[in-house]
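S.K.: this is a predicted model, with the sequence first.
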Amino acid sequence: MTAPADDASAIKSTRTDSELEAFDVLIVGAGISGIGSAYHLTDQCPGTRFVVLESQADFGGTWLTHRYPGIRSDSDLYTFGYRFKPWVGPPITTGDEIRKYMGEVIGDHDLGRHIRYGHAITSAQWSSADSQWTVTAIRAADGRSVKFTANFLWMCQGYYRHAQGYTPPWDGMADFEGRVVHPQTWPDDLDYKGKRVIIIGSGASAATIAPAIAKDCAGVTLLQRSPTYFIPARNENELADTLRQLQVDETWIHEITRRKIIFDQDVFSKRTFSEPEVVTEELLEGVRAYLTPEDLAKHFTPNYRPWRQRVAFVPDGDFLESVRDGTTKVVTDEIERFTPTGILLKSGQTLEADIIVTATGFNLNVLGDIDFVIDAKPLVFSDTITYRGMMFTGVPNMAWVFGYFRASWTLRTELIADFVCRLLKHMALKGVKQVRVALRAEDHNMPLGPWIDPENFNPGYLTRGVGLLPQRGDKPEWQHTQDYWAEKDSFPLIELDAPPFVYR
């Protein structure tokens, strides 16, 4: 599963001195987005000199840093996986299996020679005079500062800080005599066997951890401020299984199953807007079989329309099974303060614990917390306007991969990869070195708003950090629409010689 070791001599680059290397493209991050983008670059733009810089010691991104019990995908691997590599396992799978899949992509396509692990980028400076980015990184192996230049920067580092998850600053936390841990930085030495555990949160992480540890603990309590929608279902895909029985080639199985899932997701997503009450009842019906009427009403009936936050898939209903058999208790309340032995709730109830797990989300960041400078002027990312959620006004020769919330992240990774590769080839044909997006004449007075409309999607991490992100306009070109089903058709039709693209 581990990728081939770095081999600097195998990478096509122009080394200008002992600490500076020049490339055509620099990809930031070796997670699901970076590995997929590197593949598409080699496939669609052969001969491109590129490097992938990864701050961690290995590939995987989320699937390397997240090590909590039960860690698994919350999207199906037919769509979260790459379109070019068939997925042959169960739709929802473990973090280790996802890394194995990614490792096979790296090995099968000789991508390891392009990846530099242990390179934490600190700054990126663009020079219009030189038509290049200068990227500075700290190399973990020796602590030295090293520099790379590239004509194009492809940001695949994700959108949250891997090193530290989000934990609210509750009163009295310092008084608690047990351990407080966040799933994102789960300690290797945490012994929860025979312990009383409180998991704070109601999303996919909390619903994954609870059944994974419940049978080993003296008691697990999931404490939530408000309920979440869940979809319990068998962890299988009947269409894929039927096609395998018919001995259809796995490449076709992957593509057919992928298309069917995408079609069904489109229908479901649209129905959450057109008939939210009906969809709500359908979702509640799915969990009703596991729960008492009291639990359903109090702990599993959200007060918001489906898809304003992610809907959590529960493979084989494992979380709901743990609630039904009593190994997991759910409490819906708010925290007054921590105590030496647990948590005091605003209702006056006290929950006792030896370990408290804060599955309370993550800290959103922008462009990897890298200091960006454009022609000697610091970049304030929130002052820019996004072009289709991947390019930004005033920022030349850069694309950012920001996936979907209502569909698999990787679907957008590959749409953007196709676009970037087409753009790079277009620039080569035109004989130009620079491209940026600029507002058209008809765009200058358009209303601006936050990156994502909070009326449509408003998880805590986004509402906390949305002010860091670029602005959006009131036209599809100047928005991250979250609509894969439209973008899969519109992205290939983007006219590269028309505004808003400006070349030099």
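M.R.: It's in.
S.K.: number of nearby residues for the residue nearest to W307 when sequence neighbours are not counted?
M.R.: Using C-beta to C-beta, 6 or more residues apart in numbering and skipping residues adjacent in sequence, the residue nearest W307 is T272, 4.4 Å away. In this view, the C-beta of every residue, glycine as well, is placed from N, C-alpha and C. By the measure other C-beta atoms under 10 Å, the count of residues near T272 is 20.
S.K.: buried sites along the helix or strand hosting T272?
M.R.: T272 belongs to helix 250-274 when assigned by DSSP states H and E. Buried residues in helix 250-274, defined by neighbour count with 16 or more other C-beta atoms under 10 Å: 253-254, 257-258, 261-262, 265-266, 268-269, 272.
S.K.: wait, what's in contact with F80?
M.R.: The contact partners of F80, by C-beta atoms under 8 Å, 6 or more residues apart in numbering, come to 32, 73, 98, 408-410.
S.K.: again, 10 Å this time
M.R.: 32, 73-74, 87, 91-93, 98, 101, 403, 407-411, 413 (C-beta atoms under 10 Å, 6 or more residues apart in numbering).
S.K.: from G158, how far off is F402?
M.R.: Going from F402 to G158 by C-beta to C-beta, to the nearest Å gives 9 Å.
S.K.: mutual contacts of those two, please.
M.R.: 33, 409.
S.K.: neighbouring contacts of whichever helix or strand comes after the helix holding T272?
M.R.: Using DSSP H and E, the helix or strand that follows helix 250-274 in sequence is helix 276-288. With contact meaning C-beta under 10 Å, 6+ apart, helix 276-288 is reached by 227, 229-233, 268-273, 275, 291, 295-297, 299-302, 304-308, 311, 314, 317, 319-320, 323.
S.K.: quick check: buried residues in helix 276-288?
M.R.: So, applying 16+ other C-beta under 10 Å, buried residues of helix 276-288: 279-280, 283-284, 286-287.
S.K.: which of those sits closest to V432?
M.R.: V279 (48.0 Å; C-beta to C-beta).
S.K.: which of the buried residues of helix 250-274 sits closest to G342?
M.R.: Once C-beta to C-beta is applied, the member of the buried residues of helix 250-274 that ends up nearest G342 is T272, at 37.2 Å.
S.K.: what separation is there between E321 and N237?
M.R.: For E321, the distance to N237 (C-beta to C-beta) stands at 21 Å.
S.K.: I misspoke; the intended subject was V435.
M.R.: 41 Å.
S.K.: over to F313?
M.R.: Going from F313 to N237 by C-beta to C-beta gives 12 Å.
S.K.: if we can go back for a sec, pull out the buried residues from the contacts of helix 276-288.
M.R.: Buried among the contacts of helix 276-288 (16+ other C-beta under 10 Å): 227, 229-232, 268-269, 272, 291, 295-296, 299-302, 305-308, 311, 314, 317, 319-320, 323.
S.K.: which of those fall within helices?
M.R.: 268-269, 272, 295-296, 299, 319-320, 323 (DSSP state H).
S.K.: low-confidence regions, the stretch 351-500 of the chain specifically.
M.R.: 454-461 (pLDDT under 70).
S.K.: same check, this time on the stretch 1-150 of the chain
M.R.: 1-19.
S.K.: which stretches of the stretch 351-500 of the chain form strands?
M.R.: 355-358, 362-364, 371-374, 377-378, 386-387, 391-392, 398-400, 435-437 (DSSP state E, counting those that start in this stretch).
S.K.: quick one: buried residues of the first one?
M.R.: The reference is to strand 355-358. For strand 355-358, by 16+ other C-beta under 10 Å, it's 355-358.
S.K.: now those in TSV, with distance to C217?
M.R.: Shown next, in TSV, are the buried residues of strand 355-358 (distance: C-beta to C-beta, whole Å):
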residue	distance to C217
I355	9
I356	13
V357	11
T358	17
